[in-house]
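Asker: test case, fold it:
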Amino acid sequence: MFLQTLFTGLSVGGIYALMAVGYSLIFSILNFSNFAHGSVIMLGAYMGLGLASKFGLKLGFVVAGAMAGGGLLAVLNERLAYRKLRHRNAPSLYLMISAMGCSVFLENMVYVTIGSRFYAFPEFFTRRVVTFLGSSVSVMDLFALAFSLLAIGALGLFLARSRTGIAIRAGVCDMTMCSLMGVDTDRLVALVFLLAGALGGLAGTFMGVRYLVYPTMGWITNKAYIAAVIGGLGSLLGAIVGGVILGVVETFISAYVSSILRDVFSFTILIALLVCMPNGLFGKSMEERV
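Answerer: Modelled structure (predicted):
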């Protein structure tokens, strides 16, 4: 029972980490919390659902399509809602308000065009389990964990080894200096949103496979925001660690205490950590960040 719960928690934590990494990527380079990211994740889940149910595609193609759709949607969101504000050097608060408006708009567009029904993904794994050390572990949990680790690892290598990744890391330190050095900052920001949206599409697909797809599922990314804050906003390592911690804690609370108290423990951990460590586990002290 313990091992099964642990693997489930790691699987959920991996999904939270994918969401939190998207938050942290955007926050690290633009200094604002992109609350529209939850709607991108929700629409990524709908895209994956459409590919799986309407076209009967396998999981790999569903994931690839959802990642591509989520990435393009995030880039479009940045282009229409944030770019002009950035060019006018608007305060971070204005960007955050615009993000909230985008989130409400996209959610209501789903209500108008698709409806408020709950939808389920096809059974990709037909509830198969693997027996490991006397515990039954869901194949879906293993796949979700593997995909999450693979995506986050690929992102880490991209940021560490590629020239574009180095430019992104330089932009995190000083966007103005990057612009003076000849870097196209608009293109750089668009790429960051593309990466965040692609990870969001992947996370949304696995959230839909694990649970259901519905218009307000983007609000579950509040948990990912908690994970990002726990790890330290702007820190990719912190987002990963925060997501895993939150997923494991919630799963064990649901299994051994009560699923009703799961959210209580999540927010309690957040408050306690921020009281003791205001910048999170791996965050740095920075001014004028919202």
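Asker: shaky segments in the stretch 51-200 of the chain?
Answerer: The model of the stretch 51-200 of the chain has pLDDT under 70 over residues 125-127, 132-135.
Asker: so where do the strands sit in it?
Answerer: For the stretch 51-200 of the chain, the strands defined by DSSP state E, counting those that start in this stretch cover 129-132, 135-138.
Asker: so which other helices or strands are in contact with the last one?
Answerer: Contact partners of strand 135-138 among helices and strands, from 3 or more Cβ pairs under 8 Å, 6 or more residues apart in numbering; DSSP states H and E: helix 2-30, strand 129-132. Heads up, the C-betas are built off the backbone N, CA and C, glycines and all.
Asker: tell me the buried residues in that strand?
Answerer: Applying a neighbour-count criterion of 16 or more other Cβ atoms under 10 Å, one finds Val137, Ser138 buried in strand 135-138.
Asker: return the distance of that strand from the chain's centre.
Answerer: 26 Å (Cα atoms, centre = their mean, to the nearest Å).
Asker: once you drop chain neighbours, what's closest to Gly156?
Answerer: Nearest-residue entry for Gly156: Leu236, 7.2 Å, with adjacent residues in sequence omitted and distances by Cβ to Cβ, 6 or more residues apart in numbering.
Asker: likewise for Val130?
Answerer: Closest residue in space to Val130, ignoring its immediate chain neighbours: Val137 at 5.1 Å, by Cβ to Cβ, 6+ apart.
Asker: make sure that neighbour is actually in contact with Phe143.
Answerer: No - Val137 is beyond contact range of Phe143, at 11.0 Å (criterion: Cβ atoms under 8 Å).
Asker: coming back round to it: need the strands of the stretch 51-200 of the chain in CSV with distance to Val275, can you?
Answerer: What follows is the strands of the stretch 51-200 of the chain, written out as CSV (distance: least, Cβ to Cβ, whole Å):
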stretch, distance to Val275
strand 129-132, 38
strand 135-138, 36
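Asker: closest one to Leu43 among these?
Answerer: Ranking the strands of the stretch 51-200 of the chain by proximity to Leu43 (Cβ to Cβ) places strand 135-138 first, at 26.1 Å.
Asker: partners of that closest one in the sheet?
Answerer: strand 129-132 (antiparallel) (DSSP bridges).
Asker: name the residues that touch the partner strand?
Answerer: Contacts with strand 129-132, where a contact means Cβ atoms under 8 Å, 6 or more residues apart in numbering, come from Leu3, Ser136, Val137, Ser138, Val139, Leu142.
Asker: repeat that with 10 Å
Answerer: Leu3, Gln4, Phe7, Ser135, Ser136, Val137, Ser138, Val139, Met140, Asp141, Leu142 (Cβ atoms under 10 Å, 6 or more residues apart in numbering).
Asker: with stretch 186-193 instead?
Answerer: Contacts to stretch 186-193, defined as Cβ under 10 Å, 6+ apart, come from residues 22, 25-26, 28-30, 34, 37, 40, 71-79, 82-83, 86-87, 164-165, 167-168, 170-172, 175, 178-179, 184, 200.
Asker: okay, the helices and strands packed on strand 135-138 in a markdown table with mean neighbour count and distance to Pro122 next?
Answerer: Listed next are the helices and strands packed on strand 135-138 as a markdown table, based on neighbours: other Cβ atoms under 10 Å; distance: least, Cβ to Cβ, whole Å:
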| stretch | mean neighbour count | distance to Pro122 |
| --- | --- | --- |
| helix 2-30 | 25 | 19 |
| strand 129-132 | 12 | 18 |
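Asker: tell me which of these lies nearest to Ser266.
Answerer: helix 2-30 (10.2 Å).
Asker: distance between the closest one and the chain's centre?
Answerer: 7 Å.
Asker: let me know the average pLDDT across that helix.
Answerer: Helix 2-30 carries an average pLDDT of 87.
Asker: that older thread, identify the farthest-apart pair in the contacts of strand 129-132.
Answerer: Spatial extent of those (Cβ to Cβ) is set by the pair Leu3 and Met140 at 16.1 Å.
Asker: what's the closest of the strands of the stretch 51-200 of the chain to Ser98?
Answerer: Of those, nearest to Ser98 by Cβ to Cβ is strand 135-138, at 39.4 Å.
Asker: residues in contact with Val183?
Answerer: Counting by Cβ under 10 Å, 6+ apart, Val183 makes contact with Thr164, Ala167, Ile168, Ala170, Gly171, Met175, Met177.
Asker: go on, Gly231?
Answerer: With the criterion set at Cβ under 10 Å, 6+ apart, Gly231 makes contact with 17, 20-21, 24, 237-246, 273, 280-283.
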